[in-house]
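Trainee: starting from these lines, generate the structure:
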Amino acid sequence: MATVDMAAMPGFGESLSTFIGWTYFVAWSVSFYPQIILNYRRKSVEGLSIDFLVYNVYGFACYAVFNTSFYFSQTISDEYARRHNGHANLVRFNDLFFSYHALFLSLVTLAQSFVYKRSRSQSASSVARIFFFATALGLLFVSSVSSAYTLVYCLSFVKLACSLVKYVPQVWLNYRRQSTSGWSIHNIILDFAGGTLSFAQLLLDAVRMGGAGEVAGNPVKLGLGLASIMFDLVFMTQHYVLYMDRHKPKDVEAQLGFHTQPNYGTAQEQ
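Mentor: Now for the predicted structure:
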């Protein structure tokens, strides 16, 4: 079977990478809208984890700073090249645009949680608050003792940590309610497509740059893609296999007695 030599076809490889990049940008960007529209139509955020919203805003704020620094700062770019055998970093304009677009829409969704109906117990958990303050203090410490390059890289790992933990409260809330009502499955399908394409672009760019080892040069993008794929599969299993009765979620507070557990939302549908 014939194979495509990316090194021999630099123009093709660059064009393909650009096409994949903008395609995953569209998929990931559009994925924010179904949840916003669902909240608007229901005039409620019940069934939606507040922790998920908080992690999203915090994580994308860090990601926006990371992408901005790598895309515009010559000092950061030069330092990256020095540490990676002269290779250019893999942050593209679509990454930059996506991070700011995602931050804006995450803020819109969080704002909806203050405007639309939600349970009195539906608020950010102590776990999320501790995570925020602990990582913020860590970043302040790094900024005082290390270089700007190190601080920017730490921001990327904070974003990665947010992506790894932000879905857990929503998975847990769906499990407690035995329902995905209030949580948009269209968001998940688009997110899955975006994660798959993002991972594909990163591998393609790594091959074009000289080897699979270059993937490690952008760990946050790698982690984002893999985390999205893994959790989206969990959500699709919950929605299409486990919790088929999506319109009558359990009254968790009354039936399961989780009053001593962190409140990630409410099961009650009005």
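Trainee: where's Gly59 relative to Phe66, distance?
Mentor: Separation of Gly59 from Phe66 (C-beta to C-beta, to the nearest Å) stands at 10 Å. C-beta: built from backbone N, CA, C; applies to glycine.
Trainee: which neighbours do the two share?
Mentor: Lys159 (C-beta atoms under 8 Å, 6 or more residues apart in numbering).
Trainee: if you rank every helix and strand of this structure by mean pLDDT, what lands last?
Mentor: Least confident element among the helices and strands of the chain, by mean pLDDT, DSSP states H and E: helix 252-255 (a mean of 43).
Trainee: helices or strands next to the strand or helix carrying Ile37 in the packing?
Mentor: Following DSSP states H and E, one finds Ile37 within helix 32-42. For helix 32-42, the packing partners by 3 or more C-beta pairs under 8 Å, 6 or more residues apart in numbering; DSSP states H and E come out as helix 93-115, helix 185-209.
Trainee: may I have that helix exported as PDB, CA atoms only?
Mentor: Extracted C-alpha coordinates of helix 32-42, given in PDB (Å, rounded to 0.1, in the frame of the first residue of the first chain):
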ATOM      1  CA  PHE A  32     -20.400  25.300  23.600                       C
ATOM      2  CA  TYR A  33     -23.600  26.600  22.000                       C
ATOM      3  CA  PRO A  34     -26.000  23.600  22.500                       C
ATOM      4  CA  GLN A  35     -25.700  23.900  26.300                       C
ATOM      5  CA  ILE A  36     -26.200  27.600  26.200                       C
ATOM      6  CA  ILE A  37     -29.300  27.200  24.000                       C
ATOM      7  CA  LEU A  38     -30.600  24.400  26.200                       C
ATOM      8  CA  ASN A  39     -30.200  26.600  29.300                       C
ATOM      9  CA  TYR A  40     -32.000  29.400  27.600                       C
ATOM     10  CA  ARG A  41     -34.900  27.300  26.400                       C
ATOM     11  CA  ARG A  42     -35.400  25.700  29.900                       C
END
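Trainee: chain center to it, what's the gap?
Mentor: Relative to its chain's centre, helix 32-42 lies at 18 Å (C-alpha atoms, centre = their mean, to the nearest Å).
Trainee: okay, buried residues for it please.
Mentor: By neighbour count on 16 or more other C-beta atoms under 10 Å, the buried set for helix 32-42 is Phe32, Tyr33, Pro34, Gln35, Ile36, Leu38, Asn39, Arg42.
Trainee: name the spans of the stretch 1-150 of the chain whose pLDDT lies under the cut-off.
Mentor: 1-10, 84-87, 89-90 (pLDDT under 70).
Trainee: can you tell me the centre-most residue of the protein?
Mentor: Centroid-nearest residue in the chain: Ser163, 4.7 Å away (criterion: C-alpha atoms, centre = their mean).
Trainee: tell me who's in contact with that residue.
Mentor: Gly59, Gly223, Leu224, Ala227, Ser228.
Trainee: same question for Asn174.
Mentor: For Asn174, the contacting residues are Thr180, Trp183, Phe235, Gln238, Tyr243, by C-beta under 8 Å, 6+ apart.
Trainee: fine, thanks again, bye for now.
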